[in-house]
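**Q** Return atomic coordinates for the entry below.
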Amino acid sequence: MSSNCPPLSRCGKPSRRSLAIPVGQLAYWSAVAVIFVWAAWLRFRLPLDPIADHGTWGYLSPALRKLTGAEFGHTYGRNFIYPGFIYLLLRGFGDFRAITATQHVLGLLAGAILLVTWQRLRVFVANPRIGPVAHSALGLLAAAIFLWASDPIQFEMGLRPEGISAFLISLNMYLAIQFIACFFVEGRRVASIAYGIAAVFSSIALASAKPSFWLASIVMVLPVAMFFFQRGLMWEKVALGGGAAVSAVLLLLPEHFLSRNDKESETLLPSVLFAVHADLIRDQMAEDLRRDAKVPYSREWLERVYAALSAEIKEAIAANHFRTLGFDPDYLMYGKEYHKDSFAVQLRREFGGNVSALSTFYWFYYWRIWRERPLLVVKKIARQMAIFYAPKCPAYHLRKFLPLTDEYNRGMTSLSSEAYRKVWTTYPPAVEFMGRVELLARRAPIVQQPAYIRRPLGLLAETYVPLLLIALAASAAVLLQERYRKHLGWLAALVLVAYMYNAAACLEVAVIHSLDYRRYITVQMFPALLAQFLALWFVLESAIEMRTRAKSSCSDTGSMYRSGPDAGYG
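**A** Down below sits the predicted model:
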């Protein structure tokens, strides 16, 4: 009889390693349960009635019109995806509280996707120096920070697409990473096609629901685009290209037809660009008038518009809460408390309500400042980018308290105009919702962000830029040396893509609008968090790898000297 014992036991006794595996799994899943139970309690202990703001009506009114017998369509140039999401929930549940409850569930799913994504990332390193326990612990910490922070919870309570943005972002990043893993690392062609199509669909869905992520979504589609530059794979390319085209048609074609009856869709982007760059455009108008430049508008008319714009900018400066712009572009578009005499309304009257002519004027002067004052436009963009890449990254909000009474007060005010009341008073669940909001505006609880979450958020805010610089240096070192590139090349590339996601989202807003709007920044918390933890793991792997190779090199050198011709002699 052989004296050898089975590999998982020693003479009938379980080995320490065999016991450690189930104990480790039990500890991991217990931690997961604690994190998600606490995250659910943090969400569902708060009022479930969603919070409105001044931009809510554009998302809410299409659903209300459809529910009261009219046609579903655009309002104020808003995409159909989030209004359609609201419509389906109200149609299915007949209660506004279902919106917040569903968004909370999607927020929890975003945390779950973060954990799954983190575990999947391990496939990109063949022999990780960081063990599975430490790697899993980093993932749990990232998920806990995201799920327990107050900003994602607050977004989930809002009647805006930010309420589902974390879920859409997490899904988009996960599907893109899965495509990269399946095609470039594992060589699974069928799975690559499925994940590639899903990644394209999720990118278009995210960008449609939240247009400030169009550029970031393109970053996530770049790996899929690289697929088409591979040799051969003809049928795979046809399948992936066809699936991507169908995805685009399913999301973009309904948007095309729904937007045809919404005049705001044509003027929204150019009017925003005009308002945000109004100071530069005013100065350019003054220069055109001084030089009697050849422009497609009469001098007398341009003088009148210039005088009106100058006067409105002076008032917009007094109403300013935009730190870097120096004036309030919303004042130019909507006026004080949305009165009807804003500059945008005055200009529309100048064109006799001709939307196409108005849009042409907006575009003309926007492109004119790019031609005549490009450095000033670039400086404006750089100032906006500096908001995000500050010593303390503002993607992580460190406030202690958020009084919900103030939020519900603003929501009640924003939906109480006579024009809005005529619509929502015809839908009983909306009347009930407004009744509950009126009570919450007087006695809603205060959302607290305790120290155990503020401290890691503060640390992440302070280390975003330093960790980015360290990761860039480490990535260059890894990618430029073949001995390191074989082991950590994919991880270095993923770190760069993750940081590019934030940079692309910031750049798009910096060009079009202003990062002084906090929601454009705080909605980026999920990709910023994933990028930092990914960079931390990469830096640790790089440091250990380089140290190990350095020791090995020293050992080999010492061995060479010891085995020389004089080895062994005194």
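
**Q** Now do the helices in the stretch 201-350 of the chain.
**A** 214-227, 234-259, 263-276, 278-291, 299-318, 329-334, 343-350 (DSSP state H, counting those that start in this stretch).

**Q** and the angle for the first one with helix 234-259?
**A** Here helix 214-227 points in a direction 160 degrees away from that of helix 234-259 (axes from the mean of the first three to the mean of the last three C-alpha atoms, to 10 degrees).

**Q** Can you name every helix or strand that helix 214-227 contacts?
**A** Judged by 3 or more C-beta pairs under 8 Å, 6 or more residues apart in numbering; DSSP states H and E, helix 214-227 is in contact with helix 162-180, helix 189-209, helix 234-259, helix 482-512. Using the backbone N, CA and C atoms, a C-beta is placed for each residue, glycine as well.

**Q** Just the pLDDT at the residue nearest to V221 when sequence neighbours are not counted, thanks.
**A** Among residues not flanking V221 along the chain, S203 sits closest, at 5.1 Å (C-beta to C-beta, 6 or more residues apart in numbering). Listed pLDDT for S203 reads 95.

**Q** again, but for F184
**A** 91.

**Q** Can you give the distance from the strand or helix carrying G107 to the centre of its chain?
**A** In the assignment (DSSP states H and E), G107 maps to helix 97-120. Centroid separation between helix 97-120 and its chain, computed with C-alpha atoms, centre = their mean, to the nearest Å, is 14 Å.

**Q** Convert the first helix or strand past it going along the chain to PDB, keeping the C-alpha atoms and dropping everything else.
**A** The element immediately downstream of helix 97-120 (helix or strand, assigned by DSSP H and E) is helix 132-148. Provided in PDB are the C-alpha atoms of helix 132-148 (Å, rounded to 0.1, in the frame of the first residue of the first chain):
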ATOM      1  CA  PRO A 132      -6.000  37.100  -5.200                       C
ATOM      2  CA  VAL A 133      -6.800  38.000  -1.600                       C
ATOM      3  CA  ALA A 134      -5.300  41.500  -1.800                       C
ATOM      4  CA  HIS A 135      -6.800  42.000  -5.300                       C
ATOM      5  CA  SER A 136     -10.200  41.100  -4.100                       C
ATOM      6  CA  ALA A 137      -9.900  43.300  -1.100                       C
ATOM      7  CA  LEU A 138      -9.100  46.300  -3.400                       C
ATOM      8  CA  GLY A 139     -12.200  45.500  -5.400                       C
ATOM      9  CA  LEU A 140     -14.400  45.300  -2.200                       C
ATOM     10  CA  LEU A 141     -13.000  48.700  -1.000                       C
ATOM     11  CA  ALA A 142     -13.800  50.300  -4.400                       C
ATOM     12  CA  ALA A 143     -17.300  49.000  -4.400                       C
ATOM     13  CA  ALA A 144     -17.900  50.100  -0.800                       C
ATOM     14  CA  ILE A 145     -16.700  53.600  -1.500                       C
ATOM     15  CA  PHE A 146     -18.900  53.900  -4.600                       C
ATOM     16  CA  LEU A 147     -22.000  52.400  -2.900                       C
ATOM     17  CA  TRP A 148     -21.800  54.300   0.300                       C
END
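
**Q** Please state the mean pLDDT value computed over helix 132-148.
**A** According to the model, helix 132-148 has a mean pLDDT of 95.

**Q** residues contacting the residue nearest to V221?
**A** N172, A176, S217, I218, M220, V221 (C-beta atoms under 8 Å, 6 or more residues apart in numbering).

**Q** Any chance of those residues in TSV with distance to E264 and pLDDT as columns?
**A** Converted to TSV, the contacts of S203 look like this (distance: C-beta to C-beta, whole Å; pLDDT from 0 to 100):
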residue	distance to E264	pLDDT
N172	27	96
A176	32	95
S217	23	94
I218	25	94
M220	29	92
V221	28	93
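
**Q** Which one of these is nearest to F401?
**A** N172 (32.2 Å; C-beta to C-beta).

**Q** how far away is the closest one from S208?
**A** For N172, the distance to S208 (C-beta to C-beta, to the nearest Å) stands at 12 Å.

**Q** again with Q384
**A** 23 Å.

**Q** hmm, back to that, any idea of the angle the helix holding G107 forms with helix 162-180?
**A** Going by the same axes, to 10 degrees, helix 97-120 makes 30 degrees with helix 162-180.

**Q** Phi first, then psi, for F401.
**A** phi -130, psi 150 (degrees, to the nearest 10).

**Q** how about the nearest residue to it, chain neighbours excluded?
**A** Here the residue nearest F401, using C-beta to C-beta, 6+ apart, is I446, at 5.3 Å.

**Q** Backbone torsions only: list them for the one you found.
**A** phi -100, psi 130.

**Q** again, but for the one 10 residues further on
**A** Dihedral angles phi and psi of P456 (degrees, to the nearest 10) take the values phi -60, psi -30.

**Q** who's in contact with it?
**A** P456 neighbours (C-beta under 8 Å, 6+ apart): L141, I145.

**Q** on that earlier part again, which strands and helices sit next to the helix holding G107?
**A** helix 16-44, helix 81-93, helix 132-148, helix 150-156, helix 162-180, helix 525-562.

**Q** Make TSV out of those and add mean neighbour count.
**A** Below are these laid out as TSV (neighbours: other C-beta atoms under 10 Å):
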stretch	mean neighbour count
helix 16-44	13
helix 81-93	19
helix 132-148	19
helix 150-156	23
helix 162-180	25
helix 525-562	17
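
**Q** how about the ones you listed in a markdown table, adding distance to F327?
**A** Rendered in a markdown table, the data for those read as follows (distance: least, C-beta to C-beta, whole Å):
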| stretch | distance to F327 |
| --- | --- |
| helix 16-44 | 38 |
| helix 81-93 | 29 |
| helix 132-148 | 35 |
| helix 150-156 | 27 |
| helix 162-180 | 25 |
| helix 525-562 | 28 |
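
**Q** Nearest to E350, out of these?
**A** helix 81-93 (31.2 Å).

**Q** Now do that closest one against helix 162-180, angle only.
**A** 110 degrees.

**Q** Please work out which residues outside helix 81-93 touch it.
**A** Contacts for helix 81-93 (C-beta under 8 Å, 6+ apart): 58-63, 66-67, 72, 75, 96, 98-99, 102, 159-161, 164, 205, 208-209, 251, 429.

**Q** and with 6 Å instead?
**A** Here helix 81-93 makes contact (C-beta atoms under 6 Å, 6 or more residues apart in numbering) with Y59, P62, A63, K66, A98, I99, T102, P161, S208, A209.

**Q** List the contacts of the third one.
**A** The neighbours of A63, taking C-beta under 6 Å, 6+ apart as the test, are P83, I86, Y87, L90.

**Q** Same check on the first one?
**A** When the contact criterion is C-beta under 6 Å, 6+ apart, the partners of Y59 are R78, Y82, P83.

**Q** repeat that for 7 Å
**A** By C-beta atoms under 7 Å, 6 or more residues apart in numbering, Y59 lies in contact with R78, Y82, P83, I86, L159, R160.
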